[in-house]
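Undergrad: just to be clear, the model below is a prediction. Sequence and coordinates:
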Amino acid sequence: MQDDTLYKIALSLIPTVGPINARLLVSHCGGVEAVFEEKKQTLLKISGIGEATANQVKSAEVFEEAQKQYDYMLKHGVKALFFLDKDYPERLKGIKDAPVLLYFKGEADLNAERILAIVGTRKPTIDGKANTEQIVSDLKEYGVVIISGLAYGVDITAHRRAVQEGMTTIGVMGTGIDKVYPSAHNQTAKQMCENGGILSEFTIDCRPEAVHFPMRNRIIAGMSDAVLVVESAIKGGSMITAEMGIAYNKDIFAVPGRVQEQYAKGCHALIKTQKAQLIENGHEIAEHMQWTTGTEQKAPIQRQLFVELTPDEKEVMACLDHQKEKSIDKVHNNLTWPPSKVASVLLNLEFKGVVRCLPGKRYILAP
């Protein structure tokens, strides 16, 4: 699958193609490889794709860089997760600017049934650290995956307690997967990869830059079922993550603190404005989320409740069934459309998470 992976990496490396345009290109052309095989003049007809982007698609340099990324992945056990891959985090697909490609190192199910983001100040109080550790320990019996940003303070406290408890924990990075930042957390990151992992949308050699961390925060919020803020000032990365979680319809929790404490003001603001529910321990989170202990049947991850479909997409949906898979040829015969149009519409429905592609180009409605 080297060639396929190279095309996926190459698409993500084109400077003028962000997450939205990348999905547009793949949808229009009918596949990742097809984007690079398409004629330049055809690419220029796609809305939002200009001369610079078309030239970069046809450039050999992008594949040279993709090969560099691929070689590193092979050597260091890193996976490339493309938006349409089964291992790609389903929860992220509801986010408009979700990364088209993610780099992941570790052993974790990124589509686990229960994922909680824990964020907070980089300089927590003694109580803040203790609260973080206790909440993580409380959630062990519920099988919760802990996700955070590997930063100083609340982030690393949550990760380390999860490692101590034998819980799965995932660190989302604001750098390339080859550089843990801060470097003081290298050892913890290695431990996390044994039962969890580290995740990044950035390529190797990508160093920490201020703009990367809000981008990282959207992944933390988007991958979770709920976001917990332990301690935070009124402004900062934790509050950004909480606001993103609110925008993504996630449950938000906050731990109260001392009235005069600077790093309690953010949590208090979330609680007072009813953006977050006040909690004092992990069991209260589990109760609110209706997480129970014991063996349970894994529920499918909830996709977007309201998905906007074009008239063409609705016609294709009408041809498919929840129980019975259909080949692309059968869909084509039912609609009498050109094969390229059928492939493009089906791919777009995959992006929206309402259709699944099975081996042999067979399709079924997603559960």
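TA: Received it, and whenever you're ready, just let me know what you need.
Undergrad: any chance you could map the helices in the stretch 1-150 of the chain?
TA: Secondary structure of the stretch 1-150 of the chain (DSSP state H, counting those that start in this stretch): helices at 2-13, 19-29, 32-37, 40-44, 51-57, 61-76, 126-138.
Undergrad: wait, which of the ones you listed is closest to residue 91?
TA: Evaluated with C-beta to C-beta, those place helix 19-29 nearest to residue 91, the distance being 15.3 Å. (Each C-beta comes from the backbone N, C-alpha and C, glycine too.)
Undergrad: send me the closest one as PDB with only the CA atoms.
TA: Output in PDB follows, covering the C-alpha atoms of helix 19-29 (Å, rounded to 0.1, in the frame of the first residue of the first chain):
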ATOM      1  CA  PRO A  19      -8.400  20.300   4.900                       C
ATOM      2  CA  ILE A  20     -11.500  21.600   3.100                       C
ATOM      3  CA  ASN A  21     -10.000  21.900  -0.400                       C
ATOM      4  CA  ALA A  22      -8.300  18.500   0.000                       C
ATOM      5  CA  ARG A  23     -11.700  16.900   0.500                       C
ATOM      6  CA  LEU A  24     -13.100  18.900  -2.400                       C
ATOM      7  CA  LEU A  25     -10.300  17.600  -4.700                       C
ATOM      8  CA  VAL A  26     -10.700  14.000  -3.700                       C
ATOM      9  CA  SER A  27     -14.400  14.200  -4.000                       C
ATOM     10  CA  HIS A  28     -14.300  15.800  -7.400                       C
ATOM     11  CA  CYS A  29     -11.700  13.500  -8.900                       C
END
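Undergrad: mind listing residues that contact that helix?
TA: For helix 19-29, the external contacting residues (C-beta atoms under 8 Å, 6 or more residues apart in numbering) are 11-12, 14, 17, 32, 34-35, 37-38, 43, 46-49, 53, 57, 83-84, 96-100, 344, 347-348, 351.
Undergrad: filter the residues you listed down to the buried ones.
TA: 11-12, 14, 17, 32, 34-35, 38, 43, 46, 49, 53, 57, 83-84, 98-100, 344, 347-348, 351 (16 or more other C-beta atoms under 10 Å).
Undergrad: ok, back up a step: of all the helices of the stretch 1-150 of the chain, which one is nearest residue 284?
TA: That would be helix 126-138 among those, by C-beta to C-beta, at 8.7 Å.
Undergrad: what are the buried residues along that closest one?
TA: 127, 128, 129, 131, 132, 133, 135, 136, 137, 138.
Undergrad: mind putting those residues into TSV with pLDDT and distance to residue 271?
TA: Formatted as TSV, the buried residues of helix 126-138 follow (pLDDT from 0 to 100; distance: C-beta to C-beta, whole Å):
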residue	pLDDT	distance to residue 271
127	95	17
128	96	16
129	97	20
131	98	15
132	98	17
133	98	21
135	98	16
136	98	21
137	98	23
138	98	20
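Undergrad: fine by me, we can end here.
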